[in-house]
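Engineer: test case, fold it:
(chains A and B)
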Amino acid sequence: MQAIEVNHISKSYGRVQALQDVSFSVGKGEVFGLIGPDGAGKSTLFRMLCTLLLPDEGTLSVDGFDTVRQMKEIRQRIGYMPGRFSLYEDLTVEENLIFFATLYGTTVEAGYDSVRTIYSQIERFKDRKAGALSGGMKQKLALCCALIHSPSILFLDEPTTGVDPVSRMELWETLLSLKERNITIVASTPYLDEVRRCERVAFLDYGKIRGIGTSEVILEKFKDVFNPPGIDKETSDSSRQAEQNVIEVEHLVKAFGTFRAVDDISFSVKRGEIFGFLGANGAGKTTAMHMLTGLNQPTSGTGRVAGYDIRTEYEQIKRHIGYMSQRFSLYEDLTVSENIELFAGIYGMDDRKIRTKREELLRRLKFEEHKDDLVSSLPLGWKQKLAFSVSIFHEPDVVFLDEPTGGVDPSTRRQFWELIYDAAARGITIFVTTHYMDEAEYCDRVSIMVDGKIAAIGTPNELKQRFQLPDMNHVFTYLARQAKRSEQ
Amino acid sequence: MKQFYSFVIKETRHILRDKRTMLILFGMPVVLMLLFGFAITNDVKNVRTIIVAPYLSPQAQLAVERLSASEYFTITATVPATRDAEQLIRRQQADIAIVFTHQHQNIQIVTDGTDPNMAQQWTNYAQQVIMNPSTTLINTKMLYNPQMKSAYNFVPAIMGMLLMLICAMMTSISVVREKEKGTMEVLLASPVRPLTVILAKAVPYLVMAICILVTILLMARHVLGVPLAGSLFWIIIVSIIYITLALSLGLLISNIAQTQMTALLLSAMVLIMPVVMLSGMLFPLESMPQVLQCVATIIPPRYYIEAMRKLMIMGVGIHEVSREVSVLTIMTALLLTVALAKFKKRLE
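Structural biologist: Numbers count the residues shown, from 1 in each chain, chains lettered A, B, ... in the order given. Presented below is the predicted three-dimensional model:
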């Protein structure tokens, strides 16, 4: 008997066809990957398998039970981790675990063996509120909560979005260890290294299955999607007009009480450079970025951004920078052109200029037909492109991008990076944080933060040579593993 | 049972850890009671009065004495002409002017009509005081509330409004918050029965509502001096029926609302506004147009407030409020059934 059998299912929301004639099966104890761009129908499929949604057509069986008629039996046997952290942030780590244990009619003691390997990593923090944990720790706790009742099938919907590479690796090592206990795992992920860890993967696109097979076969067959050719870097160092520093930071420190979130960092970024600011969750990236953008005052040290002092002239800085974060970027209930007008207006651009630039931008992004669409109706990849274009609409000296491409497939990310290169060529300095190490390779220079300090800085090639490692993923993992403070 | 118990603990923790909300929930009844009890009052007291009398006849003299002797009026000035009195009222230095003409045949009363209800009351009081020589023509007696204290009227109304607000709004928000955070998805995908989820959500709020009820009753009795004339037992039983009704409404709202914002607006606009306007709390139902009176028949707090007025202030037995109580019970049963039946076991 197969663990999961999906036969010809279709599902539509109103006029949107989410899934169309999807069929596949997963064997017992298999690690099965669901991959595909945002909006391909992965989450819908997960929800159907968890009996949360009913298919319009076709049948699904999980562990031999029908999802429509035998909902109760299935709900006893599955563990489910939806995309967002499914924890109660105001409860402590231990309280969360106890609650989920009783939810499945078991106790922490009875289920302890099944989560021991993972829970031992976070047990030190058992009295801390779940909301105060870092992304990686939250994921481990969520996984514990989904495993406490020893389910026979585990469903993970993008479990590692927003989690740093080291934590992701640890999470997958634990997942693969579950295989010994014959637990079937179905997971979706936008990361290629995680896709390679799956035994078989299904590539879902526009609600249809394009291919099923081992990860090598699928990644090879659809390599234009998953492994887009690198981007030619035209910006050689000699072509940079003036060797002018746009960001200069010296001995910057930010302390919260006795805790030094940012501990004496110094670096500079030149005009038109693409600077990758890397670090594990909790290494101090966000705090450093807040100081550079004038949102937070440094405890000590000096810094200049676009020629202005970060201590005293932060109002000026805000005028001369652009900012795009993963969480907030655009107003979902405004249309594309309304968003552009709004942000341009905030920066005090005059109407005529806004109008001409808006038309030009829409043409460049090929968004002309969608200019009156609500942002909420656009796919995630489009939103990100638009958010980036809006953040540089007022032609700032520097633009700060905080994990701009979270949760998007490789080909969309590549298109995003083309926009970044375009902006850099026009002389806008790019300061970007990311958890994707292939994106780190796209940067002119990168710095890697560990425990509030800059552990390494240089071009990607320099770093790879210095540490004698093949790619940035290895360099990052090597450095981040040396971190002593695991949690703030 | 274990599941249910651990759910209740979890909900209680959510409530207790949100300190600010707790403070508002327990602070609001206290503040409202004090406000309505002392500051906002319809009682006529110390009305600033001007006497306009170019020439005071002995009869007028008597009337003025009676006015100044009563605790309702304080005579602030005596002016010769009506125009001066009007000026004073316009400058907000007086509320009412009593004009005695030469012959003392007719007396004119000039009042500040910005608040028509109060103006009407002042006029009535003034007329009674002036007209009423020692020989009384009409003797009115106020049953149950001889001093005409407005607290007697407001306390049941505040109970009706607050219990509805807290129960309906807070339960709906707490269910919808789980939808927003994505935890509801995990709860639904687990073997726990939806009924357990719902009931466990309601229990802590039920307990909290009873605490608030007790606070209000204690304050009413000891701070505002409102008598609890009827049986305390029945007051609490009827209140619990009403609280259950409010909780069911909250659950019903949480079925419709997808975000906490919607839940908040729905409970505030759809529930609270009609409750305040159409429950007879502020405006008497009898003087409303027929259409509104019809609408008011389906407003649950109306029956609760009515029942509480009878039980608390009039001190009648439970038989006298059987109509209100049975309407409330039927409404509760109906709403609870719909809320439970509508609760979704799957997503949409």
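Engineer: could you use CA atoms for every contact and neighbour count after this?
Structural biologist: Fine.
Engineer: next up, the contacts around residue A:195.
Structural biologist: A:33, A:35, A:189, A:201, A:215 (CA atoms under 8 Å, 6 or more residues apart in numbering or on different chains).
Engineer: now stretch A:447-458: average pLDDT?
Structural biologist: For stretch A:447-458, the mean pLDDT works out to 91.
Engineer: pLDDT (mean, whole number) over stretch A:470-487?
Structural biologist: Here the average pLDDT along stretch A:470-487 is 81.
Engineer: mind listing what's buried in it?
Structural biologist: A:471-477, A:479-480, A:483 (16 or more other CA atoms under 10 Å in any protein chain shown).
Engineer: repeat that for stretch B:58-71.
Structural biologist: Quick answer for stretch B:58-71 (16+ other CA under 10 Å): B:60, B:63-64, B:66-68.
Engineer: widest-spaced pair of those residues?
Structural biologist: B:60 and B:68 (12.4 Å; CA to CA).
Engineer: returning to what we had before: can you tell me which of the contacts of residue A:195 are in helices?
Structural biologist: Using DSSP state H, residue A:215 are the members of those that sit in helices.
Engineer: could you dump the contacts of residue A:195 to CSV with neighbour count?
Structural biologist: Formatted as CSV, the contacts of residue A:195 follow (neighbours: other CA atoms under 10 Å in any protein chain shown):
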residue, neighbour count
A:33, 27
A:35, 26
A:189, 23
A:201, 27
A:215, 22
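Engineer: name the nearest of the contacts of residue A:195 relative to chain B.
Structural biologist: residue A:189 (18.5 Å; CA to the nearest CA).
Engineer: okay, and the beta partners of residue A:335?
Structural biologist: residue A:374 (DSSP bridges).
Engineer: was I right to think it contacts residue A:373?
Structural biologist: Yes: under the criterion of CA atoms under 8 Å, residue A:335 makes contact with residue A:373 at 5.1 Å.
Engineer: who has more neighbours, the two?
Structural biologist: residue A:335 (19 against 16; other CA atoms under 10 Å in any protein chain shown).
Engineer: restrict the buried residues of stretch A:470-487 to those near chain B?
Structural biologist: Among those, no residue is within reach of chain B (CA under 8 Å from any CA of the partner chain).
Engineer: can you lay out those as a markdown table showing secondary structure and distance to residue A:110?
Structural biologist: A markdown table is the format used below for these (DSSP: H, G, I helix; E, B strand; the rest coil; distance: CA to CA, whole Å):
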| residue | secondary structure | distance to residue A:110 |
| --- | --- | --- |
| A:471 | coil | 43 |
| A:472 | helix | 42 |
| A:473 | helix | 38 |
| A:474 | helix | 38 |
| A:475 | helix | 41 |
| A:476 | helix | 38 |
| A:477 | helix | 35 |
| A:479 | helix | 38 |
| A:480 | helix | 35 |
| A:483 | coil | 34 |
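Engineer: from those, which two are the most distant?
Structural biologist: A:471 and A:483 (19.8 Å).
Engineer: which other residues reach whatever helix or strand residue B:304 lives in?
Structural biologist: If you go by DSSP states H and E, residue B:304 is part of helix B:300-308. Under the criterion CA under 8 Å, 6+ apart, residues B:156-157, B:159-161, B:164, B:235, B:238-239, B:242, B:275, B:278-281, B:296, B:321, B:324-325, B:327-328, B:331 lie in contact with helix B:300-308.
Engineer: which bits of the stretch 1-150 of chain A sit near chain B?
Structural biologist: Close to chain B, as judged by CA under 8 Å from any CA, the stretch 1-150 of chain A has residues A:50-54, A:72-73, A:75-76, A:78-82, A:84-88, A:90-91, A:99, A:102-105.
Engineer: now, those that are in strands?
Structural biologist: Using DSSP state E, the subset of those located in strands is A:78-81.
Engineer: the buried residues of stretch B:58-71 in helices, which ones?
Structural biologist: B:60, B:63-64, B:66-68.
Engineer: need the residues you listed in TSV (columns: distance to residue B:224).
Structural biologist: Listed next are these as TSV, based on distance: CA to CA, whole Å:
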residue	distance to residue B:224
B:60	38
B:63	33
B:64	32
B:66	29
B:67	28
B:68	27
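Engineer: list only those of the residues of the stretch 1-150 of chain A next to chain B flagged as buried.
Structural biologist: Buried, going by 16+ other CA under 10 Å: A:50-54, A:72-73, A:75-76, A:78-82, A:84-88, A:90-91, A:99, A:102-105, out of these.
Engineer: quick one, what contacts the closest residue to residue A:285 other than its chain neighbours?
Structural biologist: Spatially, and ignoring its direct neighbours in sequence, residue A:285 is nearest to residue A:279 (6.5 Å; CA to CA, 6 or more residues apart in numbering or on different chains). Counting by CA under 8 Å, 6+ apart, residue A:279 touches A:164, A:285, A:448-450, A:476, A:480.
Engineer: the strands in the stretch 151-300 of chain B, which residues?
Structural biologist: For the stretch 151-300 of chain B, strands defined by DSSP state E, counting those that start in this stretch do not occur.
Engineer: show me where pLDDT drops low in it?
Structural biologist: B:281 (pLDDT under 70).
Engineer: residue numbers of it in contact with chain A?
Structural biologist: B:181-183, B:185-192.
Engineer: so which of those residues belong to helices?
Structural biologist: Counting by DSSP H, those contribute B:181, B:183, B:185-188 to helices.
Engineer: out of those residues, flag the one nearest to chain A.
Structural biologist: Nearest member of those to chain A, counting by CA to the nearest CA, is residue B:183, at 4.9 Å.
Engineer: count of neighbours near that closest one?
Structural biologist: 19.
Engineer: wait, doesn't it sit right on residue A:86?
Structural biologist: Yes: taking CA under 8 Å as the definition, residue B:183 is a contact partner of residue A:86 at 4.9 Å.
Engineer: how about residue B:228, what does it touch?
Structural biologist: B:221, B:311-313, B:315.
Engineer: what about residue A:38, which SS state?
Structural biologist: Here residue A:38 takes the coil state, with states given by DSSP: H, G, I helix; E, B strand; the rest coil.
Engineer: thought it was touching residue A:411?
Structural biologist: No: contact criterion CA under 8 Å: residue A:38 and residue A:411 do not qualify, at 11.3 Å.
Engineer: in this structure residue B:200 contacts residue B:10, no?
Structural biologist: No: using CA under 8 Å, residue B:200 makes no contact with residue B:10, being 9.0 Å away.
Engineer: in the helix of greatest length in chain B, what counts as buried?
Structural biologist: When chain B is parsed with DSSP H, its longest helix is helix B:194-222. Buried residues in helix B:194-222, counted by 16+ other CA under 10 Å: B:194, B:196-206, B:208-210, B:212-213, B:216-217, B:219-220.
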